[in-house]
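Participant: Quick one: sequence and predicted model below, then my questions.
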There are 2 protein chains.
Amino acid sequence: MSDLLERLRSRGWRLTAQRRVVAEVLDGDHVHYTADEVHAKAALLLPEISRATVYNTLGELVSLGEVLEVSTDGRAKRYDPNAHHAHQHLVCSRCGTIRDVHPAGDLLAGLPAEERFGFRLSAVEVTYRGLCPECATAG
Amino acid sequence: MSDLLERLRSRGWRLTAQRRVVAEVLDGDHVHYTADEVHAKAALLLPEISRATVYNTLGELVSLGEVLEVSTDGRAKRYDPNAHHAHQHLVCSRCGTIRDVHPAGDLLAGLPAEERFGFRLSAVEVTYRGLCPECATAG
DNA sequence: TCCTACATTGGACTTTGTCTAAGTCAAGAT
DNA sequence: ATCTTGACTTAGACAAAGTCCAATGTAGGA
């Protein structure tokens, strides 16, 4: 995410402390925070930041294609900054840990023509589920 | 879902009018209703049925493995009665229509060992996205 | 028929997210 | 350096989706 702010500014984004802090929170690998988690972490750096601003900023980052929305549990959406590298998700059924993974082959090709019902396919999302090493040994 | 009620009774389910009605609503192909939709349709058959009962009953059906929870849009969960036939979902990006589909091959095998991070895989969920024929021609 | 454990109910409550009116400020213009 | 202005932020009200609970009702066995 290092050059993210520059990229956004060149697209006409006004650079505010709030947006800087949200971008900073989203920096890293295997980051999949909920909006509330982003808000909590952002508030450590900038205590006055409001929930609405976090929601706004996340929404803008998604629209701009810089961040992906992931909903692996039907609860709160999670935000994945790794949008520039196609990937899927591996989720622990017990503790909820999420890892980015890279399946082999062309996933779209897996759906035969007669199973497409005339749809024009554009994307595919895959969620692998299982037990992570810690949860598997813990019983 | 015809023999569903018998199957459930043999598992110790108490058979009430409310549960019968919820099961009836979930009967059919390509059914993916939200809890609220199930409640609305159930209320046509049994006006006094409460939202809490619909949520309870759906939750029980999911625990018993008779119905699957699907969340394709990050909003309300949807309930898919087609739980005894493995399948995936094809969703229209514009109108939200959902179809059950059957991809070819072993989906779990698509994730290489070095991408499994030591997880013991047990399931995979795939959502194909694209435009349905109606939305594609509508522009 | 009666009993009772299980099921249902309505409403309060929680979580997650959206909206708005009023105030604030980044960045270009002067 | 200061001004100006439209974009940004804020707090809090609101909405949607779902959970919880105490009181009431009832399916099905005795």
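Facilitator: Cool, the structure landed.
Participant: Is A:Glu125 part of a helix or strand, or is it coil?
Facilitator: Under DSSP: H, G, I helix; E, B strand; the rest coil, the three-state class of A:Glu125 is strand.
Participant: Would you mind measuring from it to B:His89?
Facilitator: Distance, A:Glu125 to B:His89, by CB to CB, to the nearest Å: 10 Å. Yep, even glycine has a C-beta here, placed from its N, CA and C like the rest.
Participant: which residues are in contact with both of the two?
Facilitator: Shared contacts of A:Glu125 and B:His89, defined by CB atoms under 8 Å, 6 or more residues apart in numbering or on different chains, are found at B:126-127.
Participant: buried sites along the one helix or strand A:Asn56 maps to?
Facilitator: In this structure, A:Asn56 sits in helix A:51-63 according to DSSP states H and E. Buried residues in helix A:51-63, counted by 16 or more other CB atoms under 10 Å in any protein chain shown: A:53-54, A:57-58, A:61-62.
Participant: Show the model's pLDDT score for A:Lys77.
Facilitator: What the model reports as pLDDT for A:Lys77 is 97.
Participant: Ok, A:Ala138 next?
Facilitator: 80.
Participant: Could you check stretch A:40-47 against DNA strand C for contacts?
Facilitator: No - shown here: stretch A:40-47 not in contact with DNA strand C (CB under 7 Å from any atom of the strand), separated by at least 10.8 Å.
Participant: Does A:Ile49 touch A:Val38 like I think?
Facilitator: No - applying CB atoms under 8 Å, one finds A:Ile49 not in contact with A:Val38, separated by 9.8 Å.
Participant: and A:Asp3, how many residues sit next to it?
Facilitator: 8 (other CB atoms under 10 Å in any protein chain shown).
Participant: could you check the distance from it over to A:Ala23?
Facilitator: 11 Å.
Participant: could I get the buried residues of helix A:51-63 as TSV with distance to B:Arg116 and pLDDT?
Facilitator: Compiled in TSV, those are given as follows (distance: CB to CB, whole Å; pLDDT from 0 to 100):
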residue	distance to B:Arg116	pLDDT
A:Thr53	38	98
A:Val54	33	98
A:Thr57	34	98
A:Leu58	30	98
A:Leu61	29	97
A:Val62	28	97
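Participant: ok, which of those also contact DNA strand D?
Facilitator: Answer for the buried residues of helix A:51-63 near DNA strand D (CB under 7 Å from any atom of the strand): A:53, A:57.
Participant: Direction included, what does the helix or strand just after the helix holding A:Asn56 pair against?
Facilitator: Downstream of helix A:51-63, the first helix or strand assigned by DSSP H and E is strand A:68-70. Its sheet considered, strand A:68-70 pairs with strand A:78-80 (antiparallel) by DSSP bridges.
Participant: Now find how far off-centre the very next helix or strand once past the partner strand is within its chain.
Facilitator: Later in the chain than strand A:78-80, the nearest helix or strand by DSSP H and E is strand A:88-92. Relative to its chain's centre, strand A:88-92 lies at 12 Å (CA atoms, centre = their mean, to the nearest Å).
Participant: cool, and stretch A:104-111?
Facilitator: 22 Å.
Participant: Kindly report the residues of chain A close to DNA strand D.
Facilitator: Residues of chain A lying near DNA strand D (CB under 7 Å from any atom of the strand): A:13-14, A:16, A:18-19, A:46, A:48-53, A:56-57, A:74.
Participant: and A:Arg7, what does it touch?
Facilitator: So A:Arg7 contacts A:Glu66 (CB under 8 Å, 6+ apart).
Participant: which parts of the helix or strand that contains it are buried?
Facilitator: For A:Arg7, the host element (DSSP H and E) is helix A:4-9. Within helix A:4-9, the residues that qualify as buried are A:4, A:8, counting by 16+ other CB under 10 Å.
Participant: Whichever helix or strand comes after it versus helix A:51-63: what angle between them?
Facilitator: Downstream of helix A:4-9, the next assigned helix or strand under DSSP H and E is helix A:17-25. Relative orientation of helix A:17-25 versus helix A:51-63 (axes from the mean of the first three to the mean of the last three CA atoms, to 10 degrees): 60 degrees.
Participant: Pull the residues that contact helix A:17-25.
Facilitator: A:1, A:4-5, A:8, A:13, A:33, A:38, A:41-42, A:45-46, A:49, A:53-54, A:57-58, A:61.
Participant: what residues are up against the spatially most central residue of chain A?
Facilitator: For chain A, A:Asp80 is the residue whose C-alpha lies nearest the centre (CA atoms, centre = their mean; 1.7 Å). By CB under 8 Å, 6+ apart, A:Asp80 lies in contact with A:31-32, A:67-70, A:100.
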